[in-house]
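> sequence and predicted structure are below.
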Amino acid sequence: MSGALEQRSFGRNDEKVSVIGLGGAGLYKHSYEQGVATVKHALDMGVTYFDTSPAYGKADADGRWIERGKSQLIMGEGLDGTTKPHLLATKLVSYTTLGGTNPLGYRTLEDCRVQLQDTLRALRRDTVDVLQGHDMEKAKAWIPNAQTDDELLGLDKDHDYENSAIIQALREAKRQRLCNYIGLSFNRSVALAHVLRRVELDMCLSAGQYSLLDRRSRQTVQPVVHEQGIAYVVGGIFAKRDLAVSDEASPFRLAIKGPLAQTGAIFSDERLIKLAKTTGISIAALTVRFLIANPKLSTILVGASRPEEIEESVMAAQAGPLPPDIHHTLEKLNLE
């Protein structure tokens, strides 16, 4: 290894977190046992930020959850009893139904209270460090009478964010010391920036819109985060246009080497494939090393479901930011 994993400030407090965090969205993909081993290995490698959600679990072919919250169970067991410093982040989910039948979400403050207690039991603890609202770009996260699960939050007029059930629940949990920090998770950066200007929080998670080819979060969320001094977490860094799912014979598999090549996420941008081959640095490592060059980021969530996968990302971070010429080349790439 190249040295200790860098620690960064977590917003406007003295808390420190590792620049690489373990994201739990796919923690269950190989097996429960491999997921637990991944959490433990992340701890051993100096990872101090762990993110999960009740929404992370297996779904059937129709999109119905059949193992809701499996990531939380794995995360809870992997962290149970450890004396190593870490922050555990989880979420309250905005889904009004799971599996099409089970009511769950935050239509009311009581919904949130019940869900939080279920979450704490799954995580094997009485409190969590960070509690967030999940998928907050959805209208149903804020508006009780939203008509569909896919309706996006309208930004053309202000909603009463502060008096929404989710914000009340987050503030209540913090007052009751069930969590230390509160925040919101969005997959749509423009909506996250909009809400951050209207609600006081400790942190935010911007998912899927900050990567090698997508800078929307940096352009829209980062200025607000910097102004407010809150923690800035990003996830989904191998998502969206950077990736495509393909079969085993795909030539794109050549562009990514190491354990992450087995996840099924295939990097498909020809410019990145060429750069990876020219530099000898996998696209996964290029991504991690490109992002850690931004000092405004508190931690970067990487998904893993086997120990060797989190190790690959940590080792990339330990190698430090990319050489200036490679970083400059990547800066010039944009979504088309």
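Yep, that arrived.

> which residues of the stretch 201-336 of the chain fall in helices?
216-228, 270-279, 283-291, 307-318, 324-331 (DSSP state H, counting those that start in this stretch).

> possible to save these as JSON lines with mean neighbour count?
Every residue, glycine included, has its C-beta placed from N, CA and C. Output for the helices of the stretch 201-336 of the chain, formatted as JSON lines (neighbours: other Cβ atoms under 10 Å):
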{"stretch": "helix 216-228", "mean neighbour count": "18"}
{"stretch": "helix 270-279", "mean neighbour count": "15"}
{"stretch": "helix 283-291", "mean neighbour count": "24"}
{"stretch": "helix 307-318", "mean neighbour count": "23"}
{"stretch": "helix 324-331", "mean neighbour count": "13"}
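
> point out where the stretch 151-300 of the chain drops to low pLDDT.
151, 157, 239-268 (pLDDT under 70).

> one more time with 50
Residues of the stretch 151-300 of the chain meeting the criterion pLDDT under 50: 240-266.

> before we move on, what about the stretch 1-150 of the chain?
Checking the stretch 1-150 of the chain against pLDDT under 50 turns up 1, 60-65, 96-103.

> to residue 47, which of the helices of the stretch 201-336 of the chain lies closest?
Closest approach to residue 47 among the helices of the stretch 201-336 of the chain (Cβ to Cβ): helix 307-318, 6.7 Å.

> how big is the angle separating that closest one from helix 283-291?
40 degrees (axes from the mean of the first three to the mean of the last three Cα atoms, to 10 degrees).

> ok, and what's touching helix 307-318?
Helix 307-318 is touched from outside by 1-6, 19-20, 22, 34, 37-38, 40-42, 45-47, 258-260, 263, 284-285, 288-289, 292, 300, 302-304, with contacts defined as Cβ atoms under 8 Å, 6 or more residues apart in numbering.

> other residues contacting the lengthiest helix in the chain?
Longest among the helix segments of the chain by residue count, using DSSP state H, is helix 109-123. With contact meaning Cβ under 8 Å, 6+ apart, helix 109-123 is reached by 52, 54, 69, 72-73, 75-76, 79, 88, 90, 92-93, 103-106, 126-128, 131, 165-166, 168-169, 172-173, 178.

> before we move on, back to that, out of the helices of the stretch 201-336 of the chain, flag the one nearest residue 156.
That would be helix 216-228 among the helices of the stretch 201-336 of the chain, by Cβ to Cβ, at 16.5 Å.

> contact partners of that closest one?
Counting by Cβ under 8 Å, 6+ apart, residues outside helix 216-228 touching it are 189-190, 192-193, 196-197, 200, 204, 206, 209-210, 231-232, 234, 294, 296.

> buried ones from those residues, can you make that a ChimeraX selection?
Here is the ChimeraX command that selects only those of these that count as buried (16 or more other Cβ atoms under 10 Å):
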select :189,192,193,196,204,206,209,210,231,232,234
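
> what's the farthest-apart pair in the contacts of helix 216-228?
Going by Cβ to Cβ, the pair spanning the contacts of helix 216-228 furthest: 200 and 294, at 23.7 Å.

> re the thing from before, list the ones among the contacts of helix 109-123 that fall in strands.
88, 90, 92, 93, 103, 131 (DSSP state E).

> what number of residues are in the vicinity of the fourth one?
Residues near residue 93, counting by other Cβ atoms under 10 Å, number 24.

> kindly report the same for residue 78.
22.

> that one and residue 40 touch, don't they?
Yes: with contact defined as Cβ atoms under 8 Å, residue 78 counts as touching residue 40 (5.3 Å).

> now for the ones in strands among the contacts of helix 109-123: which two are most distant?
88 and 103 (26.0 Å).

> who's more crowded, these two?
residue 88 (22 against 10).

> what about the more buried one, distance to residue 314?
Distance of residue 88 to residue 314, computed by Cβ to Cβ, to the nearest Å: 18 Å.

> ok, now residue 26?
From residue 26 to residue 314 the distance is 17 Å (Cβ to Cβ).

> what do you get for residue 12?
Relative to residue 314, residue 12 is positioned 27 Å away (Cβ to Cβ).

> next one: residue 293
Distance from residue 293 to residue 314, by Cβ to Cβ: 16 Å.
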